[in-house]
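*Asks:* only the shape, not the letters, is given here:
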């Protein structure tokens with residue numbers, strides 16, 4: 001009996017956050033704008049006819065920053081341009097036996113790496129629960145599932161790009177599937193949510209005057225004149241990946257308000273932490289007043 005399933009990567013998530021630190025732990029906690037760049041042949045406009053009638057979509061995606069996933073065979077997909085989650089599907093018959101053997105070995109490796117219990121941040125990072133009672137990235141499938149808002153569907157130079165908001169995925173996340181969110185069946189107001197019954201408590205965030213001035217200076221330096229320029233897929237992606245805009249300062253505050261610091265370090269006062277956002281590193285720390293303060297914003301070299 002087969003115990004593995006191979007799925008194609010249909011697109012990649014392009015987002016302001018390139019690192020795990022700072023990424024929302026659940027979808028729709030921070031309304032970050034991002035883009036799903038579809039890959040051929042899945043980027044045909046015909047495949048998206050009717051999707052713009054829905055306000056939200058389900059995304060199935062791969063935890064590609066999971067270090068257990070990274071330690072798998074060199075055939076594991078991590079970069080754009082590949083078309084399968086686990087291996088290059090364009091193999092000739094002469095490599096079939098070797099491929100089958102490699103998959104068998106990889107399956108045993110994954111089984112040996114299985115973690116039956118995890119420590120959710122919501123429980124202070126100390127209490128263990130079953131992995132299937134959590135949303136931990138260290139899952140047997142290494143797959144995530146999120147509901148996000150669909151802002152618009154663009155067809156640019158024959159390519160489909162989905163602009164979304166509220167994702168809890170970092171930049172470069174492989175997208176495995178897309179489905180419309182249907183409220184009458186998907187919304188369950190009476191559902192019980194175990195240890196995560198309430199939204200996380202937000203921290204108060206301050207921005208130092210010097211940090212705000214640094215932000216404005218970098219944004220001005222990165223600015224460009226949109227007039228007379230044709231809209232391209234790459235420019236839309238650059239806007240969410242690297243180019244600062246005025247609303248980004250509020251997005252940075254909203255991300256830090258989630259307090260991305262590890263649970264065991266949340267009582268450390270005046271200890272700097274750095275969050276990479278687009279093309280800048282944002283330094284922040286906890287004040288004695290229990291507020292989080294952005295102390296500097298520096299452009300990444």
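*Replies:* Ah, there it is. All values derive from a computational prediction rather than experimental measurement.

*Asks:* so the residue nearest to residue 261 when sequence neighbours are not counted bridges to which residues?
*Replies:* Distance criterion Cβ to Cβ, 6 or more residues apart in numbering; nearest residue to residue 261, sequence neighbours excluded, is residue 273 at 5.7 Å. Placement of C-beta: from N, CA and C, glycine included. Bridge pairing for residue 273 (DSSP bridges) gives the partners residue 284.

*Asks:* strands of the protein, start to end?
*Replies:* Taking DSSP state E, the strands of the chain run over residues 11-14, 33-38, 56-62, 117-118, 129-130, 143-156, 159-165, 174-180, 205-207, 273-277, 280-286, 292-299.

*Asks:* tell me the most buried of those strands?
*Replies:* Most buried of these, by mean neighbour count (mean count of other Cβ atoms under 10 Å): strand 11-14, with a mean of 24.

*Asks:* next up, the contacts around the residue nearest to residue 261.
*Replies:* 21, 260, 261, 283, 284, 285 (Cβ atoms under 8 Å, 6 or more residues apart in numbering).

*Asks:* roughly how far apart are it and residue 144?
*Replies:* Residue 273 sits 24 Å away from residue 144, going by Cβ to Cβ, to the nearest Å.

*Asks:* same check, this time on residue 222
*Replies:* If you go by Cβ to Cβ, the gap between residue 222 and residue 144 works out to 31 Å.

*Asks:* same check on residue 171?
*Replies:* Look at residue 171 and residue 144: by Cβ to Cβ, they are 15 Å apart.

*Asks:* helices along the stretch 51-200 of the chain, start to end?
*Replies:* Here the stretch 51-200 of the chain has its helices, by DSSP state H, counting those that start in this stretch, at 67-70, 96-112, 183-186.

*Asks:* ok so, going back, out of the strands of the chain, the one nearest residue 243 is which?
*Replies:* Nearest to residue 243 among the strands of the chain is strand 280-286 (10.8 Å), distances taken as Cβ to Cβ.

*Asks:* give me the contact list for the closest one.
*Replies:* With Cβ under 8 Å, 6+ apart, strand 280-286 has contacts from 205, 211, 215, 218, 244, 252, 256, 261, 266-276, 292-300.

*Asks:* that strand vs strand 273-277, what angle?
*Replies:* Angle, strand 280-286 to strand 273-277, by axes from the mean of the first three to the mean of the last three Cα atoms, to 10 degrees: 150 degrees.

*Asks:* contacting residues around the most centrally placed residue in the chain?
*Replies:* Centroid check for the chain by Cα atoms, centre = their mean gives residue 169 as the closest residue, at 1.0 Å. When the contact criterion is Cβ under 8 Å, 6+ apart, the partners of residue 169 are 13, 15, 23, 34, 59, 61, 144, 146.

*Asks:* make JSON lines from the residues you listed and add pLDDT to it.
*Replies:* Conversion of these to JSON lines gives the following (pLDDT from 0 to 100):
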{"residue": "13", "pLDDT": "98"}
{"residue": "15", "pLDDT": "97"}
{"residue": "23", "pLDDT": "95"}
{"residue": "34", "pLDDT": "97"}
{"residue": "59", "pLDDT": "98"}
{"residue": "61", "pLDDT": "95"}
{"residue": "144", "pLDDT": "93"}
{"residue": "146", "pLDDT": "97"}
